[in-house]
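Novice: After the sequence you'll find the predicted model.
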Amino acid sequence: MRHSFWDHFSGLDTPVHRLSPGVKILFVILLVLILTILPGDYISFSALPLLLLLIIILIFSRVPVKHVVKRTLVILPLIIPVIVLNSIFMESGLSHSLILSVRSFLSIFSLVLLVSVTRFSDIMKTLSRWHFPRIMIMILSFMYRYFFLLTGEMEKMIRAVKLRSGGTGGSGIFKIYSQILAILFIKSYERAERVYHAMLMRGYDGNGGLQ
Amino acid sequence: MHIPDGFLSLPVLISTSAVSASLLYISVKKLDKEIRPERIPLMGLSAAFVFTAQLLSFPVFGGTSVHLTGAVLISILLGPLSGFLITTSAVLLQAFLFQHGGIITAGANIMNIAVIQAVLGYYIFKIFSNKLYISGAFIAAFSAVFIAAAICAVELIVSGTIPLKAGMIAMLSSHLFAGVGEGFITVLILGMIKKLKPGLLELKKI
């Protein structure tokens, strides 16, 4: 099961990775907030310095440029329809959408950079220190840990269906996929029971495992 | 439906975040008081399930595909506030790890997906559930997606990101389709769970 595609480079050891996670999270939140608040005219000449700053951080973090660019481009399917809509229906639509694109592109870039230089568990610990609700931290940590397993189970079931149906799709596939998800939920429920028993055996007292 | 950072103006961000934050506060307080410890792994695994289910593309005619949001489904199974926390976690994790959505827009995305779909969708379902379990689930899932799309469009229009009329038409027409898909998938999953393990439909709803 491939589970490296999200925070793959967060385990590197560089000055950027060693920075306190709280500082990095605050930096990104501040940066995105500035990008959101800044009026359009200011965006056009502050974009380049901000991009430069992010690129310098990227170089120091030794995260491959290709990885960050690929992850940043997920924004395209969202931006393109907006640009099309604006160019057709709004006056000054093109410059307006250009500013929008710069805003969201830089925001996404900084977010990709953040998860590439900070371990997920460190983000969770920091949020917990900031009094983010404990139950939310628990849910998020469970998701992070079990998502891979469930994806693996789902892929196995889909492969089995495809093998038996000879690869043909048709309208029946809609029902079959729904059944796969139903089974996946039942399996998740049963796994939750086993996980809870394992937690009890190891001394879980209902207060979470986070210090 | 996941609005990225930079697409919303400050007033929209503040008002939607206020709604989401207050419901988050209420849910956490209520669940902290009422929850039994074995429920926490269940909520965690259910959240992982929602997250996984969202990755599965259902092929539909014409070569397009729809995917499940799962907000109404999980609320029907576990209750509105559990559903709210689970979908909120899914929105946050998607923003952090997949860059679907953003961090400053998280409040707005939580409102569209967790407040409207998980909580409002649950109460739409409740209106019908006594007599019409299956059609109630369909109506709830469909209208939750559709209302959420309309509110998402309003947020984008008020922020000046998309034009008023064309933006609304584009959002609603594309989500009409997604809503019907969501309804069908939700109903099929509930029917299958009922057949295989009916006890799971009777879990405590918080």
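Specialist: Arrived safely. Residues are numbered from 1 along each chain as shown, chains lettered A, B, ... in the order given.
Novice: hey, where'd the strands end up in chain B?
Specialist: Under the criterion DSSP state E, chain B contains strands at B:57-59, B:65-67.
Novice: For my notes, please list those strands in a markdown table and give distance to chain A, mean pLDDT and mean neighbour count for each entry.
Specialist: For the C-beta atoms, the positions are set from N, CA and C on the backbone; glycine is no exception. A markdown table is the format used below for the strands of chain B (distance: least, CB to the nearest CB, whole Å; pLDDT from 0 to 100; neighbours: other CB atoms under 10 Å in any protein chain shown):
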| stretch | distance to chain A | mean pLDDT | mean neighbour count |
| --- | --- | --- | --- |
| strand B:57-59 | 5 | 79 | 15 |
| strand B:65-67 | 9 | 79 | 16 |
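Novice: can you redo the ones you listed as TSV with distance to residue A:134?
Specialist: Output for the strands of chain B, formatted as TSV (distance: least, CB to CB, whole Å):
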stretch	distance to residue A:134
strand B:57-59	34
strand B:65-67	31
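Novice: Looking at those, which is nearest to residue B:188?
Specialist: Residue B:188 lies closest, by CB to CB, to one member of these: strand B:57-59, at 10.1 Å.
Novice: Strand partners (parallel or antiparallel) of that closest one?
Specialist: If you go by DSSP bridges, strand B:57-59 pairs up with strand B:65-67 (antiparallel).
Novice: if I pick residue B:163, what's in contact with it?
Specialist: If a contact means CB atoms under 8 Å, 6 or more residues apart in numbering or on different chains, then residue B:163 has A:85, A:86, A:89, A:90, B:157 as its contacts.
Novice: Looking at those residues, which has the smallest pLDDT value?
Specialist: pLDDT across these is lowest for residue A:90, at 72.
Novice: For that one, give me phi and psi.
Specialist: When quoted as degrees, to the nearest 10, the phi and psi of residue A:90 stand at phi -120, psi 140.
Novice: pLDDT at whichever residue of chain B sits closest to chain A, what is it?
Specialist: In chain B, no residue comes nearer to chain A than residue B:44, which is 2.4 Å away by CB to the nearest CB. Listed pLDDT for residue B:44 reads 95.
Novice: if we can go back for a sec, mind checking which of the contacts of residue B:163 are buried?
Specialist: Among these, those classed as buried by 16 or more other CB atoms under 10 Å in any protein chain shown are A:85, A:86, A:90, B:157.
Novice: hang on, the earlier thing: quick check: which of the strands of chain B is nearest to residue A:25?
Specialist: Across the strands of chain B, closest to residue A:25 is strand B:65-67 (CB to CB), at 29.2 Å.
Novice: Now do the closest one: everything it contacts.
Specialist: For strand B:65-67, contacts defined as CB under 8 Å, 6+ apart pick out B:53-60, B:177-178, B:181-182, B:185.
Novice: Of these, select the buried ones using a PyMOL command.
Specialist: Selecting only the buried entries of those in PyMOL, with 16+ other CB under 10 Å as the criterion:
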select buried, chain B and resi 53+54+56+58+60+178+181+182+185
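Novice: From the contacts of strand B:65-67, which one has the minimum pLDDT?
Specialist: When those are compared by pLDDT, residue B:60 scores lowest at 71.
Novice: Just the contacts of strand B:65-67: which are in helices?
Specialist: Counted as lying in helices by DSSP state H, out of those, are B:53, B:177, B:178, B:181, B:182, B:185.
Novice: can you list the domain ranges for chain A.
Specialist: Under the assignment automatic domain parsing, the domains of chain A span A:8-125, A:133-201.
Novice: how far out from the middle of the chain is stretch B:146-161?
Specialist: Its chain's C-alpha centre and that of stretch B:146-161 lie 16 Å apart, by CA atoms, centre = their mean, to the nearest Å.
Novice: so who does the closest residue to residue B:155 other than its chain neighbours touch?
Specialist: Leaving aside its chain neighbours, residue B:155 sits nearest to residue B:12 (5.2 Å; criterion: CB to CB, 6 or more residues apart in numbering or on different chains). Residue B:12 makes contact with B:108, B:155, B:158, B:159 under the criterion CB under 8 Å, 6+ apart.
Novice: Pretty sure the second one sits against residue B:16.
Specialist: What that stands for is residue B:155. Yes - under the criterion of CB atoms under 8 Å, residue B:155 makes contact with residue B:16 at 6.6 Å.
Novice: where's the nearest residue to residue B:48 once chain neighbours are set aside relative to residue A:199, distance?
Specialist: If the residues on either side of it in the chain are set aside, residue B:48 comes closest to residue A:146, at 4.1 Å by CB to CB, 6+ apart. Residue A:146 sits 13 Å away from residue A:199, taking CB to CB, to the nearest Å as the criterion.
Novice: Of those two, give the one with the bigger neighbour count.
Specialist: residue A:146 (22 against 18; other CB atoms under 10 Å in any protein chain shown).
Novice: so the more buried one makes contact with residue B:45?
Specialist: Yes - counting by CB under 8 Å, residue A:146 touches residue B:45, with 5.9 Å between them.
Novice: Give me the common contacts of the two.
Specialist: Taking CB under 8 Å, 6+ apart as the contact rule, residue A:146 and residue B:45 both touch A:188, A:191.
Novice: So what's the residue count around the residue nearest to residue B:128 when sequence neighbours are not counted?
Specialist: Nearest residue to residue B:128, sequence neighbours excluded (CB to CB, 6+ apart): residue B:136, at 2.8 Å. For residue B:136, the neighbour count with other CB under 10 Å is 19.
Novice: Over to residue B:191?
Specialist: So residue B:191, with other CB under 10 Å, has 17 neighbours.
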